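Novice: After the sequence you'll find the predicted model.
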Amino acid sequence: MELRQYLQQSVQKLKACTTLDELRGSFVGVIFPLGLQQFAYTRFSENDISFDKSVHTYAEGWIELYRREGFAQIDPVLALAKRETDPFFWSADQLTENGDFIEFFQQAGKYGLAWGVTTRLKTSARTGTLVTCTAAYSSQPAAGLSVDQLVACCRMLSEAFHQSALVIGSQKGITLRPREKEVLELSALGMSGTEIALIIGVSPIYVAEISRNLIQKFGVRNKLAALWRASELQLIDH
C-alpha cells in the first residue's frame, strides 16, 4: 500500500461527505485497509463518555453493556485518552499484562474490540472528542505497516472525519466572524500574532484567543492547519 496516495485519496473522500451516514460508511471503508474494522467518534468529560450524539459502528449490545456496567469509570483506553494529547496505539494484551482490566477486555473482545488507535481531537475546554478505531483479536495491522505508521494514518483520517463532521453538523456551515477572518488573512501573509495585533489594534492575547477558537472551530491541530482548512472551505480571500 502506497501510504501517501492512500491518505490523500482517503482524506478527500471523507471531506466530500455531505451526511453523517455517508461519513460513517466512508470512514469504515478507509480504515479497513489498515486492518481496522470499527470506530467510535464520541464526546467525553472528566467522569463520563457520551454515545448519545456519537457516530459509531459498535454493536448496540456493547453500548448497552458499557452504560449498564459503568465501564466509563474503569475503561483504560478512556483513561489514557484523558491524559494523552497525542494519538496512541493500545491493545488488550498490553493493558492486561499486569492482571488489570481482564474482565473489561473479556467483554470488549466479544464485540470485536481488542486493539486499536485512539486520537484525541481539539474541542472545547469542558469536553473532549475522541476517535477510536478498533479491531478484533483475529485481525492484524496491514502487512508492512509499523505501529507508528498506523497511528499516523489514524490521526490524519480521524482529523479529516472530525472536520467533515463539524461542517455536516453545522446548520449553516462553518462561518467566520470578521475578526477571525482578519486574523486568518493576515496570517496567510506570514504575519506573527504580535504583528497582527499591532495591525488591527488589539492585544496579542486577544489574537491568541482568536487563534485557539479557530483551531477548535475547524477541528485541526494548529494555526497553520486552521489556515489551510479556511482556504479549503473558501472562507478567506487569498
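Specialist: Yep, that arrived. Residues are numbered from 1 along each chain as shown.

Novice: can we go C-alpha only for contacts and neighbour counts from here?
Specialist: Fine.

Novice: Which residue ranges of the protein form strands?
Specialist: Ranges of strands within the chain are 38-44, 49-56, 88-91, 115-121, 128-135, based on DSSP state E.

Novice: My guess is residue 105 contacts residue 114. True?
Specialist: Yes: here residue 105 reaches residue 114: they are 7.1 Å apart, a contact under CA atoms under 8 Å.

Novice: From the centre of the protein, give me the residue that's furthest out.
Specialist: Most distant from the centre of the chain: residue 201, at 34.8 Å, with distances by CA atoms, centre = their mean.

Novice: May I have the phi/psi pair for it?
Specialist: phi 80, psi 40 (degrees, to the nearest 10).

Novice: Which residues does the lowest-mean-pLDDT helix or strand in the chain contact?
Specialist: Across the helices and strands of the chain, mean confidence by mean pLDDT, DSSP states H and E is lowest for strand 49-56: a mean of 80. The contact list for strand 49-56, computed with CA atoms under 8 Å, 6 or more residues apart in numbering, reads 20, 24, 38-44, 63, 72.

Novice: ok, longest helix in the protein?
Specialist: In the chain, assigned by DSSP state H, the helix with the most residues is helix 147-169.

Novice: re the thing from before, so which of the contacts of strand 49-56 is the closest to residue 151?
Specialist: residue 39 (14.0 Å; CA to CA).

Novice: Around residue 19, how many other residues sit close by?
Specialist: A total of 13 residues lie near residue 19 under the criterion other CA atoms under 10 Å.
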